[in-house]
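Engineer: the following block contains a protein sequence and its predicted model.
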Amino acid sequence: MSERLEVRKTYKLYVGGKFPRSESGRTYPVADGRGHFVANAAKASRKDARDAVVAARAAFAGWSGATAYNRGQVLYRVAEVMEGRAAQFAEEVAAGEGLSAAKARAAVDAAVDRWVWYAGWTDKLAAVLGGTNPVAGPYFDFSVPEPSGVVAVLAPQRSSLLGLVSVLAPVLATGCTAVVVSSLQRPLPAITLSEVLATSDVPGGVANLLTGDAAEIGPWLAEHADVDGIDLTGAGTAAMELERSAAGTLKRVLRAPADEPDWTGDPGLSRMTPFLETKTVWHPIGV
Amino acid sequence: MTVFEYAPAPESRSIVTLRSHYGLFVDGEFTDGGGTPLKTVNPATEEVLGEVAVGTDADVDRAVRAARKAFTRVWGPMRPADRGKYLFRIARLLQERAREFAVLETLDNGKPITESRDVDVPLAAAHFFYHAGWADKLEHAGLGPAPRPLGVAGQVIPWNFPLLMLAWKVAPALAAGNTVVLKPAETTPLTALLFAEVCQQADLPPGVVNIVTGAGDTGRAVVEHADVDKVAFTGSTEVGKQIARSVAGTRKSLTLELGGKAANIVFDDAPIDQAVEGVVRGIFFNQGHVCCAGSRLLVQESVHDELVASLQRRIGTLRVGDPLDKNTDVGAINSPEQLARIRELVGIGEAEGAQVWQPDGELPERGNWFKPTVFTDVTPAHRIARDEVFGPVLSVLTFRTPDEAVAKANNTTYGLSAGIWSEKGSRILAVADQLRAGVVWANTFNQFDPTSPFGGYKQSGYGREGGRTGLRAYLKES
């Protein structure tokens, strides 16, 4: 009996909860760690990025307005669904990053655990970062953290899954919505992750993932007037120019580290606070 | 109606000793600047108060070096409790010399003496007292077990609250262990230089606080100096964007407190008299030279006529004039340039079809003055509903439903502050939740406190001043 011929997947973008091809019709070949062809990925265009911003903006009111408990459960659900597909992710990471099976599996496990970690943060941020302020007068005064809005995320170029989850999960945990540009050379785990997001109760538009070149799409996102923040982690040498563009609309900017960090470390609050605003409310006290 | 006139009640200015020439404060000493000195003018009388040195690039460099040296050798290694004690000393000195600061602020800025005396100076002292206590408790600030200062902070502040903005910048920076180079506004440098004397009286080590006066070029030199680790700016959104651009690609961290176009929302169940007082305080406090001023009044349609009539009656009792008179409600516009900008935008408001109203009464002949002004029939597309006027000019718009109020309030590129007037608690909380603004005042307006974080959403800037959150601007996680 001859071996069964596998059914290969068409990798597409993830925008507004759907999986469209790039409106530009462009694709580019993706190779594994040894240079062998794996698949054609969609190459997102400026128009795709704009569509993704529209979707992210539309989803913002619902996601930021959901209870923190609800957001926490949704992010935990992502971990549950991802765990079930761990073998598939491990295979993709091993091939894409040229890792041993054991190391790839460790990266996948860490990525799943990262969702769990951030899922637990959603309903604690307000207590840890906010509180009441003992003002010198008869006023009740309190401060709460609130999400900045739509955040563009240029994902790390090397760590295609753990790095990606490490930059996306904190943005979603704050209540922001995201437009992510994947690693250029290693985009496939981003699309597999999109399939997880699409089946984990994450409302459409909350996370939008574009495969393609951050150097091409990044400038449009950095300039876009309906983007409130930008994470430049995967921007490479374009980081300075993108930060300059972002100044035009005073976006919140999370700068790129000098080199891609070790994503296994404890991230603390450092990837959430840049995309949180503090709102302070005053009311007189009296009878 | 019988009107009882007030007799003049001028505050004496004898407590202030003006000098003909003021120098820069660098490394603990007053020195000359390399630039052509500026004249600082009393905006209420056009009297020249003194000549003030202008810092050049070389002067700024000298100040940054002094700050670096003080950071590395003295202020950084100092026991945190001792840093706190210096700040407590400064707070007490500001209280001791409060009247002197208040009179000098009013002379240089044009704001009513009652405001400088009861708001600016006491709050400035409170900021130092509050942050003094943080100096040896930073491990509780939520930035890890041993947060570290950033280094040398370059700070540029505006002319609307000269001493208070200095306190908002200097107190948290010093408490967190940084040293400072501060550039006051070109039209209001005098209280910052008096503050330098306070630093000397407190025996603050030389170089911890450096004050370099001048105009935009001096500010740019501070912001762009390569050895500055942290930039903090309060001022216009336009300049804020330039600064964000200039620090891009550097290791400098940045906080910006910029413009605003706050909506003050009055619902039909609000106590009208109380709301009117709040609306007046919201827009005419400090001549409207307030980034968080309630410059857009959003009134529920059913109470529009009643509220506007009551507002006009109340504005008719405001006393515009001599800022040193303790009966004065609205003082002088800070500069001829600002007066020209206010006039231009008011002219545009009339040309675009809004109805302008001003109270009767004469304005002083000399000085920069503008009457409290109310525009009705304003639409969200009008320039006076979109642009920050930074003067005593209120635009009145209407709404029918809470959703419409929120949509109109948020229909701005700014997001600094907002006001809500209603007797219904659940409505206040729901609307406060939906407003995209950093400070929301409900049934009050323009309240400030060092424990209470202040700062904007969107293009009103980023970072907070005050409270535990404010310390983040001057610390890095360990």
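Structural biologist: Everything's here; your move.

Engineer: near chain A, which residues of the stretch 101-250 of chain B? Just list them.
Structural biologist: Residues of the stretch 101-250 of chain B lying close to chain A by Cβ under 8 Å from any Cβ of the partner chain are B:A126, B:G142, B:G144, B:T237, B:G240, B:K241, B:Q242, B:A244, B:R245, B:A248, B:G249. Bear in mind the C-beta positions are built from the backbone N, C-alpha and C, glycine included.

Engineer: mind giving me the ChimeraX select for those, buried ones only?
Structural biologist: Applying 16 or more other Cβ atoms under 10 Å in any protein chain shown to those, the buried members can be selected in ChimeraX as follows:
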select /B:126,142,144,237,240,241,244,248
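
Engineer: tell me the buried residues in stretch A:26-46?
Structural biologist: Buried-residue list, stretch A:26-46, by 16+ other Cβ under 10 Å: A:T27, A:V30, A:D32, A:V38, A:A39, A:A41, A:A42, A:K43, A:A44, A:S45.

Engineer: what's around the nearest residue to B:A354 once chain neighbours are set aside, how many residues?
Structural biologist: In this structure, B:A354 finds its nearest non-sequential neighbour in B:F375, 4.3 Å apart by Cβ to Cβ, 6 or more residues apart in numbering or on different chains. B:F375: 23 surrounding residues under other Cβ atoms under 10 Å in any protein chain shown.

Engineer: which element is B:F375 on?
Structural biologist: strand B:373-376 (DSSP states H and E).

Engineer: related to what we said a few turns ago, where does the residue nearest to B:A354 land on pLDDT?
Structural biologist: Confidence at B:F375, expressed as pLDDT, is 98.

Engineer: residues in contact with it?
Structural biologist: Taking Cβ atoms under 8 Å, 6 or more residues apart in numbering or on different chains, we find B:F375 in contact with B:G349, B:A354, B:Q355, B:V356, B:W357, B:H382, B:I384, B:V393, B:L394, B:S395, B:V396.

Engineer: still on that earlier bit, nearest to B:Q447, of the buried residues of stretch A:26-46?
Structural biologist: A:A44 (47.3 Å; Cβ to Cβ).

Engineer: who are the neighbours in contact with that closest one?
Structural biologist: A:L13, A:S22, A:S24, A:V181, A:L210, A:T211, A:G212, A:I217.

Engineer: got the buried residues for stretch A:50-69?
Structural biologist: For stretch A:50-69, by 16+ other Cβ under 10 Å, it's A:50-60, A:63-64, A:66, A:68.

Engineer: restricted to strands, list those.
Structural biologist: If you go by DSSP state E, the buried residues of stretch A:50-69 have nothing in strands.

Engineer: report the two of these separated the most.
Structural biologist: Across the buried residues of stretch A:50-69, the longest distance by Cβ to Cβ is 30.2 Å; it joins A:R50 and A:A68.

Engineer: where exactly do the strands run in the stretch 1-150 of chain B?
Structural biologist: B:21-22, B:24-26, B:29-31, B:38-41, B:48-52, B:148-149 (DSSP state E, counting those that start in this stretch).

Engineer: over to the stretch 151-300 of chain B?
Structural biologist: Under DSSP E, counting those that start in this stretch, the stretch 151-300 of chain B gives strands at B:152-156, B:179-183, B:209-211, B:230-234, B:253-257, B:263-266, B:296-300.

Engineer: with mean pLDDT and mean neighbour count added, can I get these in TSV?
Structural biologist: TSV is the format used below for these (pLDDT from 0 to 100; neighbours: other Cβ atoms under 10 Å in any protein chain shown):
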stretch	mean pLDDT	mean neighbour count
strand B:152-156	98	28
strand B:179-183	98	28
strand B:209-211	98	29
strand B:230-234	98	26
strand B:253-257	98	23
strand B:263-266	98	28
strand B:296-300	98	26
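
Engineer: so which of these gets nearest B:H289?
Structural biologist: With Cβ to Cβ as the yardstick, what comes closest out of the strands of the stretch 151-300 of chain B is strand B:230-234 (12.4 Å).

Engineer: what does that closest one rub up against?
Structural biologist: So strand B:230-234 is contacted by B:150-158, B:165, B:168-169, B:173, B:178, B:222-223, B:239-240, B:243, B:247, B:252-258, B:291, B:463, B:473-474 (Cβ under 8 Å, 6+ apart).

Engineer: same question for stretch B:328-346.
Structural biologist: B:43-44, B:106, B:109-115, B:159-160, B:187-188, B:284, B:287, B:289, B:318-323, B:356, B:367-370, B:372-373, B:383-384, B:387, B:389-393.

Engineer: what residues sit buried inside it?
Structural biologist: Quick answer for stretch B:328-346 (16+ other Cβ under 10 Å): B:328-335, B:338-339, B:341-342, B:345-346.

Engineer: so can I have TSV of the residues you listed showing pLDDT?
Structural biologist: Below are these laid out as TSV (pLDDT from 0 to 100):
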residue	pLDDT
B:T328	97
B:D329	97
B:V330	98
B:G331	98
B:A332	98
B:I333	98
B:N334	98
B:S335	97
B:Q338	98
B:L339	98
B:R341	98
B:I342	98
B:L345	98
B:V346	98
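
Engineer: near chain B, which residues of chain A?
Structural biologist: Counting by Cβ under 8 Å from any Cβ, chain A sits next to chain B at A:128-129, A:131, A:133-137, A:139, A:141, A:143, A:148, A:228, A:239-240, A:243-244, A:246-250, A:252, A:268-270, A:273, A:277-284.

Engineer: how about a cut-off of 7 Å?
Structural biologist: Contact residues (Cβ under 7 Å from any Cβ of the partner chain) of chain A with chain B: A:128, A:133-136, A:139, A:141, A:143, A:240, A:243-244, A:247-250, A:252, A:268, A:270, A:277-284.

Engineer: restricted to strands, list the contacts of A:A44.
Structural biologist: A:V181, A:L210.

Engineer: what count of nearby residues applies to B:W357?
Structural biologist: Counted with other Cβ under 10 Å, B:W357 comes out at 16.

Engineer: ramachandran coordinates for it?
Structural biologist: phi -140, psi 140 (degrees, to the nearest 10).

Engineer: and if you look at B:L394?
Structural biologist: Dihedral angles (degrees, to the nearest 10) for B:L394: phi -110, psi 130.

Engineer: A:P145 now?
Structural biologist: The phi/psi pair for A:P145 (degrees, to the nearest 10) is phi -80, psi 140.

Engineer: give the contact list for it.
Structural biologist: A:L125, A:A126, A:L129, A:G130, A:L276, A:T278 (Cβ atoms under 7 Å, 6 or more residues apart in numbering or on different chains).

Engineer: so the second one versus chain B, what's the distance?
Structural biologist: Read it as A:A126. Distance of A:A126 to chain B, computed by Cβ to the nearest Cβ, to the nearest Å: 12 Å.

Engineer: count the neighbours of that residue for me.
Structural biologist: Based on other Cβ under 10 Å, the number of other residues close to A:A126 is 16.

Engineer: which residues touch the helix or strand containing it?
Structural biologist: Using DSSP H and E, A:A126 falls within helix A:125-129. Surrounding helix A:125-129, the residues in contact under the criterion Cβ under 7 Å, 6+ apart are A:V144, A:P145, A:M272, A:L276, B:G142.
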